[in-house]
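1. how does the following fold in three dimensions:
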Amino acid sequence: MRSTVWTLLVVVVLILGLGVLFGAVAKPKAQDDYISISLIGVMIAQIAAATLGVLTISAEYTTGMIRTTLTAYPRRIQVLVAKGLVFAGLIFVVGLVATTSSALIGDAMLTSRFGDSVAQDSDFFRSVVGSSLYLAVIGLFGLGFGALLRHSAGAITALLGVILLPMIIGPMLPSGGDKVMEYSPMFALIKLIDGGGDTGGPGPWPSLLLIAGYAGIALIAGGARLTTRDV
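-> Next up is the predicted model:
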């Protein structure tokens, strides 16, 4: 599918492009973590990664090629697992290259103008590797939605709601709004990028595990429908 190549390019362009843009225009304080500023593009790129996860399986339902796939290899769960492994590996590698490049370029641009960053090696590892793993996990979340709903537009819309709505409606809720945001995918990504500070909720890595749990539930539901319903 051409959409695979184009979506991966969008991921790279968003991460690198916004990283360079913020590196050129941002005026951080001396105590700021310049690496986190350079990775702001990951917050937008996650939408492209999630969309690609949906299309990894829903595009086959759209074209009817899913029948050929399952005729050639009837073990449906193994088909879903294979798709997930190939997708997750691909998006992680692409994300790691893009985030590492953006972090290094942005850090160099900002430190040359504002002095050394407060970021440590552990911060670099958490921000770069953590955000790349997040892109893979949110894409697997999309793969689960695609297998469950079997319709590209519907699955993408539902997934975007899960990603974005908690951060929109959380502040409006009379009670429990903080918890809604703290356990949302977007909040997990923010914690992975900047460490989370005193924002509450689980830490960066536990937050990533939580989102992996969400993705696992979606994949199990998608796998159940794949095995119990006809194509």
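2. helix or strand: which one has the residue most central in space within the chain?
-> Nearest to the centroid of the C-alpha atoms of the chain, with distances taken as CA atoms, centre = their mean, sits Leu135, at 2.9 Å. Element membership for Leu135, per DSSP states H and E: helix 121-149.
3. quick one: average confidence on whatever helix or strand comes next after that helix?
-> With elements assigned by DSSP H and E, the helix or strand that comes after helix 121-149 is helix 152-169. Averaging pLDDT along helix 152-169 yields 92.
4. and for the nearest residue to Ala24 once chain neighbours are set aside, the neighbour number?
-> In space, Ala24 comes closest to Met109 once its chain neighbours are excluded; the distance is 6.7 Å by CB to CB, 6 or more residues apart in numbering. Where you see a C-beta, it was placed from the backbone N, CA and C, and this is true even at glycine. Applying other CB atoms under 10 Å, we find 19 other residues in the vicinity of Met109.
5. my guess is Met109 meets Leu21, correct?
-> No - counting by CB atoms under 8 Å, Leu21 is not a contact partner of Met109; they are 10.3 Å apart.
6. what helices and strands are in contact with the helix holding Leu135?
-> Counting by 3 or more CB pairs under 8 Å, 6 or more residues apart in numbering; DSSP states H and E, the packing neighbours recorded for helix 121-149 are helix 34-38, helix 42-63, helix 76-114, helix 152-169, helix 185-194, helix 204-228.
7. which one of these is the most hemmed in?
-> For the helices and strands packed on helix 121-149, ranked by mean neighbour count under the definition mean count of other CB atoms under 10 Å, the leader is helix 34-38 at a mean of 26.
8. mind exporting that one as CSV, just the C-alpha atoms?
-> Extracted as CSV, the C-alpha positions of helix 34-38 are listed here (Å, rounded to 0.1, in the frame of the first residue of the first chain):
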residue,chain,number,x,y,z
TYR,A,34,16.1,20.9,25.5
ILE,A,35,15.7,17.3,24.4
SER,A,36,12.0,17.3,25.5
ILE,A,37,11.5,20.5,23.5
SER,A,38,13.0,18.9,20.4
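9. by contact count, what packs against it?
-> helix 2-25, helix 76-114, helix 121-149.
10. how about the CA coordinates for the shortest one, as PDB?
-> This file holds the C-alpha atoms of helix 2-25, laid out as PDB (Å, rounded to 0.1, in the frame of the first residue of the first chain):
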ATOM      1  CA  ARG A   2       1.300   3.500  -0.900                       C
ATOM      2  CA  SER A   3      -0.300   4.700   2.300                       C
ATOM      3  CA  THR A   4       2.400   2.800   4.300                       C
ATOM      4  CA  VAL A   5       5.300   4.700   2.800                       C
ATOM      5  CA  TRP A   6       3.500   8.000   2.900                       C
ATOM      6  CA  THR A   7       2.400   7.600   6.500                       C
ATOM      7  CA  LEU A   8       5.900   6.700   7.600                       C
ATOM      8  CA  LEU A   9       7.300   9.700   5.800                       C
ATOM      9  CA  VAL A  10       4.700  11.900   7.600                       C
ATOM     10  CA  VAL A  11       5.900  10.500  11.000                       C
ATOM     11  CA  VAL A  12       9.500  11.400  10.200                       C
ATOM     12  CA  VAL A  13       8.700  14.800   8.800                       C
ATOM     13  CA  LEU A  14       6.500  15.700  11.800                       C
ATOM     14  CA  ILE A  15       9.100  14.700  14.300                       C
ATOM     15  CA  LEU A  16      12.100  16.200  12.500                       C
ATOM     16  CA  GLY A  17      10.300  19.200  11.100                       C
ATOM     17  CA  LEU A  18       8.700  20.300  14.300                       C
ATOM     18  CA  GLY A  19      11.900  19.500  16.200                       C
ATOM     19  CA  VAL A  20      13.900  21.800  14.000                       C
ATOM     20  CA  LEU A  21      11.200  24.500  14.000                       C
ATOM     21  CA  PHE A  22      11.000  24.600  17.800                       C
ATOM     22  CA  GLY A  23      14.800  24.500  18.000                       C
ATOM     23  CA  ALA A  24      14.800  27.600  15.800                       C
ATOM     24  CA  VAL A  25      12.100  29.700  17.500                       C
END
